[in-house]
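In: Fold the following and give me the result.
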Amino acid sequence: MHGRIKRARVDCVDTLLVVGSGKGGVGKSTVSVNLAVALAKQGASVGLLDGDAYGPSIPMMLGVRKRGAAQESEVFLPLAQHGKLAPERMLKPLPRYGIKVMSVGFFIGEEQAVAPIPDVLGMLIRQLLYSVDWGKLDYLIIDLPPGNGEPQATLCRELQIDGAILVTTPQDIARIDTAKALAMFQGVGVPVLGVVRNMDGFLCPHCGERVEIFPRSQEARELLDDLPLLGSIPMDPSTVISGDKGQPVVVSNAESPVAAAFLGMVERILAAQVEGAEIKKGDLVNNERED
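Out: Take a look at the predicted model:
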């Protein structure tokens, strides 16, 4: 146990997972939403925090849209509060598809811009996390914004994160940035459960044939290639339409190949989490023996 950093845990949350990527546009939020809903369908109590204050997309993906721009007096986030909030002042998450959801997008119009400076963003998301009355959760999933700066740095430095899930697409430009995200998580001691390869081929809506749409990288990324592949998610036009309507594919088309790919992803994530916990327990036993 020597040299380990003591990080805070979120009250009443058994497992805290983060979903990240090194760049935008890889479908990270889609993975987060379907992961959360799939876990709930298996009987788990699940919370989902949309950590992207610049462009929160999870409200639309779950059918919660605030079209009009919020007036200044309508937006209240208790972000300057020090210490634990009184229960009556805590924010209530929105229930959708069996999960509890919180997003900055609930407070602003979907076309309204929010532009916190990078150094503040990590503190903003962390305070929002603690300002929500999540109740008792088996899993809390944080959908991180793209990149490897803030809020990732603050969250990884201050929170006890049980696992990170990386999302990429097959082409090399995405894999390069995902490898950087991997290095960032490893550098701060956050266990990475594996990688999800999204948009991995296109399913023809007429014949069901799978067609490659992105040039698949032929260049090895040593650290990335050593990670377990948690899921290979194809593109499907009906899935895209369903998502735009606020219906996750694991609910709207549970028998589809895409839903099956997401459910398989969940099984591998749970297995990776169990394996990681066993390794961690073994390390603890060894450290105790050495002492």
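
In: from here on, contacts and neighbour counts on C-alpha atoms
Out: Noted.

In: Which residue ranges of the chain form helices?
Out: 28-41, 58-61, 118-130, 152-158, 172-187, 222-225, 237-244, 249-252, 257-290 (DSSP state H).

In: Tell me how far the fifth one lies from the chain's centre.
Out: Put plainly, it is helix 172-187. On the basis of C-alpha atoms, centre = their mean, to the nearest Å, helix 172-187 sits 16 Å off its chain's mean C-alpha point.

In: From the contact counts, what lies against it?
Out: Under the contact criterion of 3 or more C-alpha pairs under 8 Å, 6 or more residues apart in numbering; DSSP states H and E, helix 172-187 touches strand 163-168, strand 192-203, helix 222-225.

In: Give me the contact list for the second one.
Out: If you take C-alpha atoms under 8 Å, 6 or more residues apart in numbering as the criterion, strand 192-203 is touched by 26-27, 163-170, 182, 185-186, 209-214, 224, 227-237, 265, 269, 272-273, 276.

In: Format the helices and strands packed on helix 172-187 as TSV; extra columns: distance to V249 and mean neighbour count.
Out: As requested, the helices and strands packed on helix 172-187 are exported to TSV (distance: least, C-alpha to C-alpha, whole Å; neighbours: other C-alpha atoms under 10 Å):
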stretch	distance to V249	mean neighbour count
strand 163-168	18	26
strand 192-203	14	23
helix 222-225	27	13
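
In: In the protein, what helix or strand scores lowest on average pLDDT?
Out: Least confident helix or strand, the chain: helix 222-225 with a mean of 67, by mean pLDDT, DSSP states H and E.

In: Flag the shaky bits of the stretch 1-150 of the chain, pLDDT-wise.
Out: 1-5, 65-84, 108-119 (pLDDT under 70).
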